[in-house]
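Trainee: Quick check, what structure comes out for this input:
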Amino acid sequence: MHKTNNPLSCFLSESRSLLRLSLPIIITQLATQGMAFVDTTMAGQASAADLAAIAVGASLWVPASLLLRGILMSLTPVTAHHRGAGHLRGITRDLGQTIWIALMCAFVLVLYLNQGERILTFMSVAPSVVPIAHGYLVALAFGVPGIALFYTLNSFSEGMGNTRAPMVIALIGLVINIPVNYVLIYGKLGFPAMGAVGCGWATSLVYWLMSVMMWLYIRGHHHYKTLLDFTLMRPQWQRMSALFKLGLPIGINIFVCGSIFAVIALLIGKLGANHIASAQVALNFSSMTYMIPMSLSFGITIRVGHALGEGHAAVARLRAYAGIVLATLMSLVSVSALLLFPQQIIAMYTADPEIVAGASALLVYTAIYQLSDAVQTAANGALRGYKDTRLPMWFACFSYWGVALPIGYTLAMTDWFIPAMGNRGFWFGIVIGLTLAALFMVARLVKVIRGQQSDTEPMLVAMS
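Mentor: This is a model prediction of the structure:
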């Protein structure tokens, strides 16, 4: 531990530590999100209808996958606790119970995805898009058990303090996804050209492969393989219930943040394929850039939590504020890219002039909300470190569902105050909602920090 009173030195030292911790998580998140990016860009080269089908299909799948991932993330802190206590039987038992939870959740999601056509028709999505989107969702349903297993094993690995293995496997999955997409989307090597539906099959196959690779890694690891006692992994309903109750609030929090964009994509479905495609370009690229502040927020949670556990309130305060500043500074990179290179970004998705024109306007709004999104995400991560999660969840619900969506819908789809703005109205609502969320989260963090008993030590920075 190194003492210093220089604020800049403190910030730089903490930033280095946070980046070392978060970098494997960032790469893993970018790799998994990169698969969606590859799907979108390659489907966009097939046709506007295929790009639109990916957009509306993802609007049904992504919120459900976020909820699934959050539920299964409960295994990470549980495993970490068992590992710290040397309770190896507990690690084995809870890994097994979480696998059973993952399989049961996967069964429900398979049923849900197979109802995609009815849901999209009810949402009045353009009729030309519905059959393609339904085919994409049916193909994706095949891979849901593999996706659930990968999420589970990923959470286990992170709980054991190993973030590199999921990172490597995610990168392998991303590399494999590209040629499989190429073959199935465009009809190569004797396969029919399936367009967006081919993306669904490619994603399913790759996630099954990733889950198998992760399982083989765990089975072959000199330490992990001793934990695979299948007699301890049989269903234990009481323990499963406890793990599910622990993970569900995490899943709801993540779901609330991600679902707003999915609902907007569905509402835009009423405007036609070109509007859907323009929105998907902005949404998909924004999802890619969001992986960085989100991953940093996970690191901030860990750093703040460790400091509080050691009884260093001043260090926790430093880590919280330094994390927010670092996330904000890193968001300036994406802001610059969106403002300086919009045409190059759009060209990765499509060359259709109508889509290019629509997406260009949306990318400006996307650049504006990058800063507030980074601030609210990092502040939320710090609040999790302080074990303050309930009120931030309500802040998110209100900002997204009570402000961003109503304002966006009013401006985009109605003439109540001004002539309907179309897609841009939704993005204007997002800017307002995320800015409000950032203000709420920072204000709550300041209040929570002030409520902590002041640390009598000078400002310290842990170099670990």
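
Trainee: can you pull the buried residues of the helix or strand where residue 376 lies?
Mentor: Assigned by DSSP states H and E, residue 376 belongs to helix 353-385. Residues of helix 353-385 classed as buried by neighbour count (16 or more other CB atoms under 10 Å): 355-356, 358-363, 365-385. (C-beta placed from N, C-alpha, C; glycine too.)

Trainee: One more: stretch 213-227?
Mentor: By 16+ other CB under 10 Å, the buried positions in stretch 213-227 come out as 213-215, 217-218, 221, 224, 227.

Trainee: now stretch 337-357
Mentor: Buried residues in stretch 337-357, counting neighbours by 16+ other CB under 10 Å, are found at 337-338, 342, 345-346, 349-350, 352, 355-356.

Trainee: Please tabulate these in TSV, including the columns pLDDT and distance to residue 30.
Mentor: Shown next, in TSV, are the buried residues of stretch 337-357 (pLDDT from 0 to 100; distance: CB to CB, whole Å):
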residue	pLDDT	distance to residue 30
337	85	14
338	84	17
342	81	21
345	82	16
346	83	20
349	76	17
350	73	22
352	74	27
355	78	25
356	80	25
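
Trainee: Among those, which pair sits farthest apart?
Mentor: Pairwise distances among the buried residues of stretch 337-357 were taken by CB to CB; the largest, 21.5 Å, belongs to 337 and 352.

Trainee: Neighbours of residue 179, how many?
Mentor: Using other CB atoms under 10 Å, residue 179 has 12 other residues around it.

Trainee: Ramachandran coordinates for residue 126?
Mentor: The phi and psi values for residue 126, taken as degrees, to the nearest 10, are phi -50, psi 130.

Trainee: from what I can see it touches residue 52, true?
Mentor: Yes: counting by CB atoms under 8 Å, residue 126 does reach residue 52; the two are 7.2 Å apart.

Trainee: neighbour count winner among these two?
Mentor: residue 52 (32 against 20).

Trainee: Show me the helices in the stretch 251-400 of the chain, by range?
Mentor: Using DSSP state H, counting those that start in this stretch, the helices of the stretch 251-400 of the chain run over residues 273-309, 313-340, 342-347, 353-385, 390-397.

Trainee: worst average pLDDT in those helices?
Mentor: Across these, helix 273-309 has the smallest mean pLDDT, namely a mean of 77.

Trainee: Check which residues of it are buried.
Mentor: Quick answer for helix 273-309 (16+ other CB under 10 Å): 273-308.

Trainee: ok, now stretch 173-181?
Mentor: For stretch 173-181, the neighbour count (16+ other CB under 10 Å) marks 173-174, 176-177, 180-181 as buried.

Trainee: What's the mean pLDDT across stretch 223-243?
Mentor: 85.

Trainee: so how far is that stretch off the chain centroid?
Mentor: Offset of stretch 223-243 from its chain centre (CA atoms, centre = their mean, to the nearest Å): 27 Å.

Trainee: buried residues in that stretch?
Mentor: Counting neighbours by 16+ other CB under 10 Å, stretch 223-243 gives 224, 227, 232-233, 236, 239-240, 243 as buried.

Trainee: so which pair among those is furthest apart in space?
Mentor: Greatest spatial distance among the buried residues of stretch 223-243 (CB to CB): 224 and 240, at 21.6 Å.

Trainee: ok, the closest residue to residue 204 other than its chain neighbours - contacts?
Mentor: Nearest residue to residue 204, sequence neighbours excluded (CB to CB, 6 or more residues apart in numbering): residue 143, at 2.6 Å. For residue 143, the contacting residues are 200, 203-208, by CB atoms under 8 Å, 6 or more residues apart in numbering.

Trainee: So the chain: which segments form each domain?
Mentor: Domains of the chain are assigned by automatic domain parsing as 12-25+272-455, 47-262.

Trainee: Adding distance to residue 32 as columns, could you present these in a markdown table?
Mentor: Below are the domains of the chain laid out as a markdown table (distance: least, CB to CB, whole Å):
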| stretch | distance to residue 32 |
| --- | --- |
| domain 12-25+272-455 | 8 |
| domain 47-262 | 5 |
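
Trainee: Compare those and report which one is nearest to residue 35.
Mentor: Nearest of those (CB to CB): domain 47-262, 4.9 Å.

Trainee: any idea which helix or strand carries residue 128?
Mentor: Using DSSP H and E, residue 128 sits in no helix or strand.

Trainee: burial count for it?
Mentor: 13.

Trainee: cool, and residue 76?
Mentor: Residue 76 has 20 neighbours, counted by other CB under 10 Å.

Trainee: from what I can see it touches residue 151, true?
Mentor: No: in this structure, residue 76 is not within contact of residue 151 by CB under 8 Å, at 10.6 Å.

Trainee: So residue 126 versus residue 274, what's the distance?
Mentor: Separation of residue 126 from residue 274 (CB to CB, to the nearest Å) stands at 10 Å.

Trainee: returning to what we had before: could I get the helices of the stretch 251-400 of the chain as CSV with distance to residue 66?
Mentor: Output for the helices of the stretch 251-400 of the chain, formatted as CSV (distance: least, CB to CB, whole Å):
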stretch, distance to residue 66
helix 273-309, 11
helix 313-340, 20
helix 342-347, 24
helix 353-385, 14
helix 390-397, 13
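
Trainee: looking at the ones you listed, which is closest to residue 67?
Mentor: Set against residue 67 and scored by CB to CB, those come closest in helix 390-397, at 13.4 Å.

Trainee: SS state for the nearest residue to residue 255 once chain neighbours are set aside?
Mentor: Closest residue to residue 255 apart from its sequence neighbours, by CB to CB, 6+ apart: residue 67 at 4.4 Å. Of the three states, residue 67 takes helix under DSSP: H, G, I helix; E, B strand; the rest coil.

Trainee: Residue 418 falls within a strand, correct?
Mentor: No: using three-state DSSP, the assignment for residue 418 is coil, not a strand.

Trainee: and it, backbone torsions?
Mentor: Dihedral angles (degrees, to the nearest 10) for residue 418: phi -140, psi 160.

Trainee: Tell me how many other residues crowd residue 65.
Mentor: Neighbour count of residue 65, defined by other CB under 10 Å: 21.

Trainee: repeat for residue 319
Mentor: The local packing of residue 319 (other CB under 10 Å) involves 29 other residues.

Trainee: Also residue 99?
Mentor: Number of residues near residue 99 (other CB under 10 Å) recorded here: 20.

Trainee: Longest helix of this protein, counting residues only.
Mentor: For the chain, the longest helix by residue count, based on DSSP state H, is helix 7-46.

Trainee: which residues sit in contact with residue 361?
Mentor: The neighbours of residue 361, taking CB under 8 Å, 6+ apart as the test, are 423-424.

Trainee: how far away is residue 283 from residue 107?
Mentor: Remark: distance between residue 283 and residue 107 (CB to CB) = 29 Å.
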